[in-house]
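K.L.:
My questions are about this predicted structure, shown below with the sequence.
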Amino acid sequence: MVERGRQRLDKVLAHMGFGTRQEVKKLIREKRVEVNGELAKDPGLHVLPGRDHIEVDGEPVEYRQYIYLMLNKPQGVLSATEDRFAPVVVDLLPPEYRAFHPFPVGRLDKDAEGLLLLTNDGKLAHKLLSPKKRVPKTYFAVVSGIVTDEDVEAFRQGVILDDGYRTMPGELKILRSGPESEVELTIYEGKYHQVKRMFEAVGKKVTYLKRIAMGPLMLDKPLKPGDYRELTEDEIKSLQELNPAR
Ligand code: URA
């Protein structure tokens, strides 16, 4: 019987980004893989990730189950893992990250950009997306039309969307008011096209939208559209420790 947690060596190495199962088998045939100091000969050898010491080309393989990436999603890319017609966010990642099968936590519209968390940690994703958690999301938007203090008040009360739904209170900050206004809006839910529809509800149109924060995560200023980085241990912890809303 296979001890709990043990997995095939070729599967572990493929998961860690060393290629497809076939490519990993080739590495093993080429005598480039060692397990606990011994040359590995059998791709089906059962190893305990994190306990057995695995080396490829003399370099220790650091095993991990989850990855957490902050991406600055560019415009024109879908928040999805695959699509027949349009480029998707995981296409922006190198194979060593794609090997973990990350997916976007929530969605940004195709024409929106900014902070998108990519992970393969389903439990954390579920928690962040749960309406009960009311995770705040902050957006910078350029809005066609003069945004007024009345709009700030309307958003604070909640506005009625085109389908009759009344939104939860949102915090609207006017950065610049004019024919092309600039604002920051924090909302605690994630209805379809919510920011755009909230502005439509007050007779205005969002012409540019960028998410700049999600819960405790802030989009890094130097991260250009299309760039990504791994979250730090502290950032991961702050997401895991998010408390349920009152
Ligand atoms: N609200 C929108 O309208 N679009 C997004 O992508 C996110 C929030």
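P.N.:
Sure, I can see it.

K.L.:
Which secondary structure element is home to the spatially closest residue to residue 193 that is not a sequence neighbour?
P.N.:
Taking Cβ to Cβ, 6 or more residues apart in numbering, and ignoring the residues beside it in sequence, residue 193 has residue 109 as its nearest neighbour in space, at 6.5 Å. Yep, even glycine has a C-beta here, placed from its N, CA and C like the rest. Using DSSP states H and E, residue 109 maps to neither a helix nor a strand.

K.L.:
Now do residue 109 against the ligand, distance only.
P.N.:
Using Cβ to the nearest ligand atom, to the nearest Å, residue 109 is found at 4 Å from the ligand.

K.L.:
okay but residue 19 is in contact with residue 27, surely?
P.N.:
Yes. Taking contacts as Cβ atoms under 8 Å, residue 19 lies within contact range of residue 27: 7.3 Å.

K.L.:
Show me which residues of this protein sit near the ligand.
P.N.:
For the chain, the residues in contact with the ligand (Cβ under 6 Å from any ligand atom) are 108-109, 112, 193-196, 209.

K.L.:
just the buried members of those?
P.N.:
Using 16 or more other Cβ atoms under 10 Å as the burial test, these include 108-109, 112, 194-196, 209 as buried.

K.L.:
Kindly reformat those as TSV containing pLDDT and secondary structure.
P.N.:
As requested, these are exported to TSV (pLDDT from 0 to 100; DSSP: H, G, I helix; E, B strand; the rest coil):
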residue	pLDDT	secondary structure
108	98	coil
109	98	coil
112	98	coil
194	98	helix
195	98	helix
196	98	helix
209	98	strand
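
K.L.:
which one of the residues you listed is nearest residue 233?
P.N.:
The closest of those to residue 233 turns out to be residue 108 (Cβ to Cβ; 25.5 Å).

K.L.:
any idea which helix or strand carries residue 237?
P.N.:
helix 233-240.

K.L.:
Domains in the protein, by residue range?
P.N.:
7-60, 68-131+217-240, 137-214 (automatic domain parsing).

K.L.:
And for residue 218, the neighbour number?
P.N.:
13 (other Cβ atoms under 10 Å).

K.L.:
What pLDDT is listed against the residue lying closest to it once chain neighbours are set aside?
P.N.:
In space, and not counting its chain neighbours, residue 218 is closest to residue 212: 6.7 Å by Cβ to Cβ, 6+ apart. At residue 212, the model reports a pLDDT of 98.

K.L.:
Next, count neighbours for residue 124.
P.N.:
Residue neighbour count, defined by other Cβ under 10 Å, stands at 18 for residue 124.
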